[in-house]
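Novice: Provide a 3D model corresponding to the input given below.
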Amino acid sequence: MSKDEMQVTAGVRPAVIRPTSQSAVDELVAKIRGLISERGLGVGDNLPTERELCEHFQTSRNTVREAMRILKAYGIVTVRPKVGATIIDDRMERALDLFAFNTLEVSRATFTDIQGFRGLLEVASVDSLLERITAEDIADLTRVNNELQGAETAIDASEVDFRFHTRLIEVLGNKAVLDVYKIMKPVILKIMVRGKTRRTFSTTTLSEHAEIIAALQARDRVAYQYRMKTHLQAGFPHFGE
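Specialist: As a prediction, this is how the structure comes out:
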């Protein structure tokens, strides 16, 4: 006779092992997000009050407050005294902060991976770029590039350099791709500034960007790919193993 059978015979119910479930707070976070969707609430709209949420979901005030704390950390709501919870959309900012916090020293392997990924976006997308780019885009790229001459430090110049490439990504018209590119900003800036001085940005980088713009303006597919690929790989010697 098994142990469980012996317990049943003795009038004792064996312990029932149940799978672990979400915490009450996790469940409430999911329910609140569902409520936002069901009611069609958007940025700027207010959520029900703390008391209303307690009554609606039959839960405690502490659970509601903890759920609000998590939603705030996600960048979905902001909570202000006497106003309550208001829906926002700072999710990308939270992702940027997290990426920046976890970005360590850049190695040669990191350089190769990041620049290879940028190559997929900025080199391999040449056909889409040439199809979509307008005279206004060319003018904006030229304006941003010229700002390299007025940058006071290499750090300032790297910010301008990043804006130049971000403006180019914008031409593709894909928000998801643009968001991913922005998330990579901290490590891209480290790559941009390695081995460069303010003068390098205002001479070499400025010239390389100008050649890229000229290729785009001339709708020269081969020239653009060559110029951009060379530009992205230029910093390789400055990264050790």
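Novice: so after the top helix by length along the chain, what's the next helix or strand?
Specialist: Here the longest helix in the chain is taken by residue count, with DSSP state H as the criterion, and it is helix 154-171. Along the chain past helix 154-171, the next helix or strand (assigned with DSSP states H and E) turns out to be helix 175-183.
Novice: picking that back up, ok and the longest helix of the chain relative to helix 175-183, angle-wise?
Specialist: Using axes from the mean of the first three to the mean of the last three C-alpha atoms, to 10 degrees, the inter-axis angle of helix 154-171 relative to helix 175-183 is 170 degrees.
Novice: let me see the mean pLDDT of helix 154-171.
Specialist: Per-residue pLDDT over helix 154-171 has a mean of 96.
Novice: neighbouring contacts of it?
Specialist: By C-beta atoms under 8 Å, 6 or more residues apart in numbering, the list of residues contacting helix 154-171 from outside reads 118, 121-122, 129, 132-133, 137, 140-141, 144-145, 147-148, 151, 177-178, 181-182, 185, 188-189, 192-193, 196-198, 200-202, 205, 209. (C-beta placed from N, C-alpha, C; glycine too.)
Novice: next, name the residue at the spatial heart of the chain.
Specialist: By C-alpha atoms, centre = their mean, the mean C-alpha position of the chain lies nearest to residue 183, the distance being 3.3 Å.
Novice: report pLDDT for it.
Specialist: Looking at residue 183, its pLDDT is 85.
Novice: give the contact list for residue 213.
Specialist: Contacts here follow C-beta under 8 Å, 6+ apart; on that basis residue 213 touches 138, 141-142, 145.
Novice: tell me which of those residues is nearest to residue 83?
Specialist: Ranked by distance to residue 83 (C-beta to C-beta), these are led by residue 141 at 41.9 Å.
Novice: can you classify the closest one by secondary structure?
Specialist: At residue 141 the chain is in helix, as set by DSSP: H, G, I helix; E, B strand; the rest coil.
Novice: all numbers from here: first residue = 217
Specialist: From this message on, residue numbering opens at 217, which makes the last subject residue 357.
Novice: can you list the residues that contact stretch 291-310?
Specialist: Contacts of stretch 291-310 with the rest of the structure, by C-beta under 8 Å, 6+ apart, involve 249, 252, 257-263, 265-266, 284, 287-290, 395, 398-399.
Novice: picking up where we left off before, next, the buried residues of the longest helix of the chain.
Specialist: Of the residues in helix 370-387, those scored as buried under the neighbour-count criterion (16 or more other C-beta atoms under 10 Å) are 370, 373-378, 380-381, 384-387.
Novice: go on, stretch 263-273?
Specialist: For stretch 263-273, burial by neighbour count (16+ other C-beta under 10 Å) applies to 263-264, 269-270, 273.
Novice: any idea of the mean pLDDT for that stretch?
Specialist: pLDDT averaged over stretch 263-273 gives 92.
Novice: cool, stretch 332-346 as well?
Specialist: Averaging pLDDT along stretch 332-346 gives 92.
Novice: quick revisit: want to throw the buried residues of stretch 263-273 into CSV with distance to residue 441 and secondary structure?
Specialist: Formatted as CSV, the buried residues of stretch 263-273 follow (distance: C-beta to C-beta, whole Å; DSSP: H, G, I helix; E, B strand; the rest coil):
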residue, distance to residue 441, secondary structure
263, 49, coil
264, 54, coil
269, 55, helix
270, 60, helix
273, 56, helix
